[in-house]
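Colleague: Quick one: sequence plus predicted model below, questions after.
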Protein chains: 2
Amino acid sequence: MTPDEFREAGHRLIDWIADLRSRTDSLPVLAQVEPGEIRARFEPEPPPGGASISELIDRLDSDIVPGVTQVQHPMHFGWFPSNASLASVLGDMASSGIGSLGISWESSPALTEVEEVVCDWMRQLVGLSDVWRGTIQDTASTASLVALLVARERASNLSQNRGGMQSVERPLVVYTSPHAHSSVGKAALLAGYGWDNIHTVDCDDRTLAIRPEALEAAIARDLEDGKTPAVVVATVGTTGATAIDPVADIVDVARIHDVFVHVDAALAGSAMLLPEMRDLWDGIEGADSISWNPHKWMGTILDTSLFYMRDIALLTSVMSTNPTYLQSAVDGAVTQYRDWGIAMGRRFRALKLLFHLEIDGIEAIRDRLREDLADARWLAAQVEAADEWELVAPVTLQTVCVRHRPAGMTDDGLDAHNRTWAAAINRSGQAYLTSSKLEDGWMVRVSIGVESTERSHVERLWKLMNEAASSTLRA
Amino acid sequence: MTPDEFREAGHRLIDWIADLRSRTDSLPVLAQVEPGEIRARFEPEPPPGGASISELIDRLDSDIVPGVTQVQHPMHFGWFPSNASLASVLGDMASSGIGSLGISWESSPALTEVEEVVCDWMRQLVGLSDVWRGTIQDTASTASLVALLVARERASNLSQNRGGMQSVERPLVVYTSPHAHSSVGKAALLAGYGWDNIHTVDCDDRTLAIRPEALEAAIARDLEDGKTPAVVVATVGTTGATAIDPVADIVDVARIHDVFVHVDAALAGSAMLLPEMRDLWDGIEGADSISWNPHKWMGTILDTSLFYMRDIALLTSVMSTNPTYLQSAVDGAVTQYRDWGIAMGRRFRALKLLFHLEIDGIEAIRDRLREDLADARWLAAQVEAADEWELVAPVTLQTVCVRHRPAGMTDDGLDAHNRTWAAAINRSGQAYLTSSKLEDGWMVRVSIGVESTERSHVERLWKLMNEAASSTLRA
């Protein structure tokens, strides 16, 4: 495809994207397709080529969009906000168009240095001190793995340079909340700690946050057992109920025992853009690493996951490779981001953040986040005021965890009932909510924060919830 | 930013991208900037927002493009071809515009099922049998890590479900070539095997490929030492000299000892699109996993790294998590790609491959690859015919490894001389080449395969090489 052919096709595609984003609220939220239905619309053999942009756009309309759950829809309240702001889409387009390769500073100095710049901007915007240096990973799953690998090597005095995890004599232990994201446990398994060495720490019944005394006790027990406490993962904003582990207290306990602290603020990091919310991660300066995802609530399109560390020399001592074909005269004077994570080849992700901040501006983003918080408080107030509804967890951020509890229904019945009315709303395509299990049973999460969601949408959702719960009871 | 504002800005950006790609050959190949120079062009504090697309486009021209090494330039012969075909850029744009979220089948059925479709198309196009199932990873570094994690768990009977790598009694060993990509060793370290358990296998002096007898001997030695041979990584097309490890022989040895075989064909996978080249990975059907990167020579924009396995149940048993908030009624009937790799959140990468194949078509891509192979043979013939030049490795693919050897120069002098003339070409911005170390000293790699490179560019390069080598001698 020549640049001129691209120009013509690109204009067509821009119009298509703008039109799609204009009509998102007319589409069903949940994709209304059965397993295998989209796959069956494609030929099993590869195409011959020569398709025009018109044909491909028709294809997007007929065979792709119907299979996409519209997480940009204002009635999407599922999982977490996964905003793809159009300003950041432009930055992503610029990145693709430039077609740069990030394998070393030399292969694209701008890719490296603009990433340094925007990571530092983002550091300032969430109020972190300048001891922190950041990089952009694809997701918080990867960031958690990087943190657990670094913690492993720190606690084992760089065992990877000898016999690896296979030579560790006093098993290294990971501490985390039972409410931590599934990717934390996965990262611990992949890093080789083993299931037996992942210790979930007791949480407060009401706040669902790690109890520092329980962490202290778990560490003491493991030391007695001849194990090595290596790392605590604290979550600021758990996936289920946005519980907030007490970072300051955790850091205090960890410091006594020389344990690494990683803070997973994948969701709540966006809230830290608001100075009035920063009490939630009080003590953060004592942590060793932090990850948070602008690609969630803040809205810089996926994949934009920030990872900050204080001790970059430790990070690079674990991640560094220096093959001769990438060596250059400037090696000592520049950042080589390939040594800050797992993948060597990197896209120019910083442009998404640059465009998002330059176009939308941080104050507009902050205003939107504050409206979402107010919407969540509004919904929580409705739930609390309603007879047969209950909040099942404190509303710390933009997520409201609810249960419909009709008079006289048993606990067993409650689980099925709540999953049923939520599923009915989801199937209808009118809104999307996520059912999730807390310790004492299933609940429904209302995760507010899609860019286009306004109070009226939350009001409509509350009406839908009441109707769906009633219909389910009558059925 | 509203859809209509996006529309207007998007059209401007499309024109800018088309213009950039039209004038790529007028830009210096190597970015002509000093360390810190790009960073200094940005304010240290975050911007207030409100920038117009005109301002941002000016910014791209003044502060970004000068800092980008132009890997799309026809005179780029460095590292490896990192093509970002404009057809695939359109697919990437569509993906960004749709703003889909891949965390489960339900979150975007099309993202999952189109990935299944295109991975199967790509399987057919490189002649693999239908026992293989594929997924798209970001890079081959990540794919190597996934393979080594799976091999670790296979050889340790899923030790991650018990005490992890920390509980392994007979240390697991990784075998690979000293010429394997640096990310293979890095993956082995990250997977916890440890430096002492990475055994590099002797290679043939001429072909630089693993000697199967040496592999057999290394395995026998480790078994005697009470170790567990776990995995061999065979490289089809090493980074340095595109050496081809003998897959069939390696598979034969591995099978006797129940050792997992991962084939890293990051670069050479593109060549497997050509039926006449498939002898190079003869025996591939006996391997356990394969990775290759359409984002290199084939030209589907980064990040598009294919990873194929035969035993998907093994892969998911290592990678699977199933948090309640992602459970759905269709779980058994669909592919959950989060369980095929490390990151949970995924972009809609399949659209890049879909657009590339649908627009450019496989036969046009194949024709281009064949021209690159012919250009490499042409250059090799010039080198062989020239008095003071030598080929330092067989030309197996599109990479020509050369050394200028003026009469009477010592081996010590040769290293400095060859690095100097290559650096002079790179600094000039007229072309870019990579110096790299082979066992017996430094050489210069000419990696042919940029989409816009034609014979005339290779001819010009050969002229530049001769001039630069002569000037260096005279200096």
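Modeller: Received it, and whenever you're ready, just let me know what you need. Residues are numbered from 1 along each chain as shown, chains lettered A, B, ... in the order given.

Colleague: Pull up the pairing partners for the helix-or-strand element of chain A with minimal mean pLDDT, direction included.
Modeller: Lowest on mean pLDDT, DSSP states H and E among the helices and strands of chain A sits strand A:434-438, with a mean of 90. Using DSSP bridges, the strands paired with strand A:434-438 are strand A:441-447 (antiparallel).

Colleague: Could you list the residues in contact with the partner strand?
Modeller: Strand A:441-447 has contacts (C-beta atoms under 8 Å, 6 or more residues apart in numbering or on different chains) with A:77-81, A:240-241, A:376, A:379, A:392-393, A:398-404, A:411, A:414-415, A:418-419, A:421-422, A:433-437, A:461, A:465, B:324-325. Placement of C-beta: from N, CA and C, glycine included.

Colleague: Of those, which qualify as buried by neighbour count?
Modeller: With burial judged by 16 or more other C-beta atoms under 10 Å in any protein chain shown, the buried subset of these is A:77-81, A:240-241, A:376, A:379, A:392-393, A:398-404, A:414-415, A:418-419, A:421-422, A:433-436, A:461, A:465, B:325.

Colleague: C-alpha coordinates for the helix or strand where A:E115 lies, PDB please?
Modeller: Assigned by DSSP states H and E, A:E115 falls within helix A:109-125. What follows is helix A:109-125, C-alpha atoms only, in PDB (Å, rounded to 0.1, in the frame of the first residue of the first chain):
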ATOM      1  CA  PRO A 109      15.800   8.300  20.900                       C
ATOM      2  CA  ALA A 110      12.400  10.100  20.900                       C
ATOM      3  CA  LEU A 111      10.500   7.000  21.900                       C
ATOM      4  CA  THR A 112      12.800   6.700  24.900                       C
ATOM      5  CA  GLU A 113      13.000  10.300  25.900                       C
ATOM      6  CA  VAL A 114       9.400  11.200  25.500                       C
ATOM      7  CA  GLU A 115       8.600   8.200  27.600                       C
ATOM      8  CA  GLU A 116      10.900   9.600  30.300                       C
ATOM      9  CA  VAL A 117       9.100  13.000  30.000                       C
ATOM     10  CA  VAL A 118       5.600  11.700  30.200                       C
ATOM     11  CA  CYS A 119       6.300   9.300  33.000                       C
ATOM     12  CA  ASP A 120       7.700  12.200  35.000                       C
ATOM     13  CA  TRP A 121       4.700  14.300  34.200                       C
ATOM     14  CA  MET A 122       2.500  11.500  35.500                       C
ATOM     15  CA  ARG A 123       4.600  11.200  38.600                       C
ATOM     16  CA  GLN A 124       4.000  14.800  39.400                       C
ATOM     17  CA  LEU A 125       0.300  14.600  38.600                       C
END
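
Colleague: Given the next helix or strand along the chain from that helix, what are its sheet partners and their directions?
Modeller: Toward the C-terminal end, the helix or strand that comes next after helix A:109-125 (DSSP H and E) is strand A:133-137. Next to strand A:133-137 in the sheet, as set by DSSP bridges, lie strand A:305-309 (antiparallel).

Colleague: chain center to the strand it pairs with, what's the gap?
Modeller: 12 Å (C-alpha atoms, centre = their mean, to the nearest Å).

Colleague: Stretch A:26-43 now?
Modeller: With C-alpha atoms, centre = their mean, you get 25 Å for stretch A:26-43.

Colleague: cool, stretch A:45-63 as well?
Modeller: 32 Å.

Colleague: which residues touch that stretch?
Modeller: A:8-9, A:12-13, A:16, A:38, A:41-42, B:90, B:94, B:98, B:110, B:121-122, B:124-125, B:355, B:357-364.

Colleague: In strands, which of those residues appear?
Modeller: If you go by DSSP state E, the contacts of stretch A:45-63 have nothing in strands.

Colleague: Which ones among the buried ones among the contacts of strand A:441-447 map onto strands?
Modeller: Short answer: those in strands (DSSP E) are A:399-404, A:434-436.

Colleague: Any chance of TSV for those residues, columns distance to A:A151?
Modeller: What follows is these, written out as TSV (distance: C-beta to C-beta, whole Å):
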residue	distance to A:A151
A:T399	28
A:V400	34
A:C401	31
A:V402	36
A:R403	37
A:H404	42
A:T434	30
A:S435	33
A:S436	28
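
Colleague: Out of those residues, flag the one nearest to chain B.
Modeller: Using C-beta to the nearest C-beta, A:S436 comes nearest to chain B of these, at 3.8 Å.

Colleague: hey, what's that closest one bridged with?
Modeller: A:M443.

Colleague: again with A:T176
Modeller: Taking DSSP bridges as the rule, A:T176 bridges to A:T200, A:V233.

Colleague: okay, now it: neighbour count?
Modeller: Residues contacting A:T176 under the criterion other C-beta atoms under 10 Å in any protein chain shown number 27.

Colleague: is it true that A:K296 touches A:A265?
Modeller: No: assessed by C-beta atoms under 8 Å, A:K296 is found out of contact with A:A265, at 10.2 Å.

Colleague: Helices of the stretch 151-300 of chain A, start to end?
Modeller: For the stretch 151-300 of chain A, applying DSSP state H, counting those that start in this stretch gives helices covering A:182-190, A:212-224, A:247-256.

Colleague: okay, the ones you listed, which one's buried deepest?
Modeller: Highest mean neighbour count of the helices of the stretch 151-300 of chain A: helix A:182-190, a mean of 25 (counted as mean count of other C-beta atoms under 10 Å in any protein chain shown).

Colleague: neighbours around A:A271, how many?
Modeller: A:A271: 29 neighbours (other C-beta under 10 Å).

Colleague: again, but for A:S456
Modeller: Counted with other C-beta under 10 Å, A:S456 comes out at 10.

Colleague: what angle do the host helix or strand of it and strand A:399-404 make?
Modeller: In this structure, A:S456 sits in helix A:455-474 according to DSSP H and E. Angle of helix A:455-474 versus strand A:399-404, following axes from the mean of the first three to the mean of the last three C-alpha atoms, to 10 degrees, is 30 degrees.
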